[in-house]
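K.L.:
what would the 3D arrangement of this be:
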Amino acid sequence: MAVLRQDIYQNIQRLEILCESDPAKYSNLIEVLKKEESEGNARKNSSCSKAFLWLTRSMDFMVALLQRSVKDPWQNMEQVVEESYNLTLKPWHGWISSAAFKVALKLVPDNKTFISLLMKKDQSYDNLKEDMQTLISLLVPMLEEHHSILKFYRLDRLKST
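P.N.:
Numbering: from 1, shown residues only. Okay, the predicted model is just below:
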């Protein structure tokens, strides 16, 4: 998960840097996407548009992972991660990213360790499950909106290089 976390952090940082460069001009994501589209930079690997795309896909992966974990908390974690990856990220990854994922898959903790990492101190599993369901219910509509925006700007079909 460290690789995913680093990728997410870099994408957030890329967006923050642009927004902080002119907060009045880049007060929302749509302005950033419009700017990059008008300049012809939206599809470049270093663009904020691509950062937004991969942040959205990373959140898709996390939602799929949480949904599977809520549905069957004692399912083999490696299988949960692989199924979530296959559904959300694999269609957009090239062979290098897919190969890196297969290596990273071997480092996935067992489900007991994973769940214990998510739990607050003295939290019951039922409370964690409730928290995960709440998070999922908040993220899904937001992600649907993100995908609509990506589709509008024709960024929804871009693959990694």
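K.L.:
for the strand or helix carrying residue 104, name the packing helices and strands.
P.N.:
In the assignment (DSSP states H and E), residue 104 maps to helix 95-105. When contacts are defined as 3 or more C-beta pairs under 8 Å, 6 or more residues apart in numbering; DSSP states H and E, helix 95-105 sits against helix 77-88. In short, each C-beta sits where N, CA and C put it, glycine included.
K.L.:
mind naming the longest helix for the protein?
P.N.:
When the chain is parsed with DSSP state H, its longest helix is helix 125-152.
K.L.:
Provide the secondary structure category for the residue of the chain positioned farthest from its centre.
P.N.:
In terms of distance from the mean C-alpha position of the chain, residue 122 ranks first, at 28.2 Å (C-alpha atoms, centre = their mean). When classified by DSSP: H, G, I helix; E, B strand; the rest coil, residue 122 comes out as coil.
K.L.:
can you give me the distance of the most centrally placed residue in the chain to residue 111?
P.N.:
Nearest to the mean C-alpha position of the chain, counting by C-alpha atoms, centre = their mean, stands residue 58 at 1.4 Å. From residue 58 across to residue 111, the span is 21 Å (C-beta to C-beta, to the nearest Å).
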